[in-house]
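In: all I have is the shape, not the residue letters:
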């Protein structure tokens, strides 16, 4: 029983992740897709815990669920009126897309499972990685950390500039 | 039976492959720009799972740090892309990417 618990929890979260991702992609309704993406993000966060990256899992919940998903929902609500049939999204190139989807899955899984297997290292990550993340951020990854903060600041200012209410343009018309 | 019970590299890589392929499918076949963005987020999540898997089974911190940076860049990408989508909607009154075919009003 005890050795079965962890695989069973893993498979439940894996199923939640993959099935809700499939629902995101195949659902015709954009709102349903957005809410299904919530379950995908939570499932992926749970998988991060299995990979002993607890800090990344919390970051995933805060940034993806609290930030990106809300942003996407705002995007859906801004660009569609709820009552209109435009909410339903069409599909183009369905047949080539499906073929490529199946081919890609088959090719990659074939490579993974017949390519001789992966050799795990002698030392594996165990327990919590929060402390090592702090140490690495302030030592080896100092420059990338600062650079990514500037990239984020510039991107957010740029996004606010792009999406602002255009007063001058309105007067022209 | 043994390989189903001990969670290893292949399990995580399989999930990652499925997420990546589904995201790719969304990017290729959907017309709504916002669903395409969701597909891009799925692809980034698949890449993150790969990074963390190899980081765990290799014992290094490189994958963990890189996946943090990936999350930050995903946030920046989503913000800018949604600003662009809102501008497209203002100009064309639709978010259907196959009908956005001019660069000038």
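Out: Good, I have the coordinates. Just so you know, these numbers come straight off a predicted model, no measurement behind them. Numbering: from 1, shown residues only, chains lettered A, B, ... in the order given.

In: ok, residue A:27 - contacts?
Out: In this structure, residue A:27 makes contact with A:33, A:36, judged by CB atoms under 8 Å, 6 or more residues apart in numbering or on different chains. From N, CA and C alone the C-beta is placed, and that goes for glycine too.

In: roughly how far is the longest helix belonging to chain A from the heart of the chain?
Out: Identified as the longest helix of chain A according to DSSP state H is helix A:2-26. Centroid displacement of helix A:2-26 relative to its chain, using CA atoms, centre = their mean, to the nearest Å, is 15 Å.

In: does chain B sit close to it?
Out: Yes - contact of helix A:2-26 with chain B (CB under 8 Å from any CB of the partner chain) involves A:3, A:4, A:6, A:7, A:10, A:14, A:17, A:18, A:21, A:22, A:24, A:25.

In: who wins on neighbours among the residues you listed?
Out: Top of these by neighbour number is residue A:21, holding 31 neighbours under the definition other CB atoms under 10 Å in any protein chain shown.

In: for residue A:143, give its distance to residue B:74.
Out: Shown here: residue A:143 relative to residue B:74, a distance of 20 Å by CB to CB, to the nearest Å.

In: between the two, who's got more neighbours?
Out: residue B:74 (22 against 8).

In: how about the more buried one, what does it touch?
Out: Contacts of residue B:74 (CB under 8 Å, 6+ apart): A:63, A:64, A:68, B:41, B:44.

In: the second one - how many residues pack around it?
Out: Other residues within reach of residue A:64, judged by other CB under 10 Å, total 26.

In: same question for the third one.
Out: Close neighbours of residue A:68, defined as other CB under 10 Å, add up to 23.

In: against residue A:69, how distant is the residue nearest to it when sequence neighbours are not counted?
Out: Nearest residue to residue A:68, sequence neighbours excluded (CB to CB, 6 or more residues apart in numbering or on different chains): residue B:78, at 4.5 Å. Distance of residue B:78 to residue A:69, computed by CB to CB: 9 Å.

In: and the helices in chain A?
Out: Along chain A, counting by DSSP H, helices occupy A:2-26, A:30-50, A:54-59, A:69-79, A:94-114, A:130-138, A:142-162, A:167-172.

In: and those helices, which one averages the lowest pLDDT?
Out: Least confidently modelled of the helices of chain A is helix A:167-172, at a mean of 58 by mean pLDDT.

In: OK, contacts around the residue lying closest to residue A:46 once chain neighbours are set aside?
Out: Leaving aside its sequence neighbours, residue A:46 sits nearest to residue A:13 (CB to CB, 6+ apart; 4.2 Å). Shown in contact with residue A:13 (CB under 8 Å, 6+ apart): A:43, A:46, A:47, A:50.

In: and the third one, how many neighbours does it have?
Out: As a burial measure, the neighbour count of residue A:47 was computed by other CB under 10 Å and equals 27.

In: ok, back up a step: report the secondary structure state of the residue nearest to residue A:68.
Out: For residue B:78, the assignment made with DSSP: H, G, I helix; E, B strand; the rest coil gives helix.

In: show me the contacts for it.
Out: A:67, A:68, A:71, A:72, B:37, B:41.

In: list buried residues within those.
Out: A:68, A:71, A:72, B:37, B:41 (16 or more other CB atoms under 10 Å in any protein chain shown).

In: rewinding a little: in a markdown table: the helices of chain A, plus distance to residue B:32.
Out: Compiled in a markdown table, the helices of chain A are given as follows (distance: least, CB to CB, whole Å):
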| stretch | distance to residue B:32 |
| --- | --- |
| helix A:2-26 | 12 |
| helix A:30-50 | 6 |
| helix A:54-59 | 28 |
| helix A:69-79 | 9 |
| helix A:94-114 | 14 |
| helix A:130-138 | 37 |
| helix A:142-162 | 19 |
| helix A:167-172 | 25 |
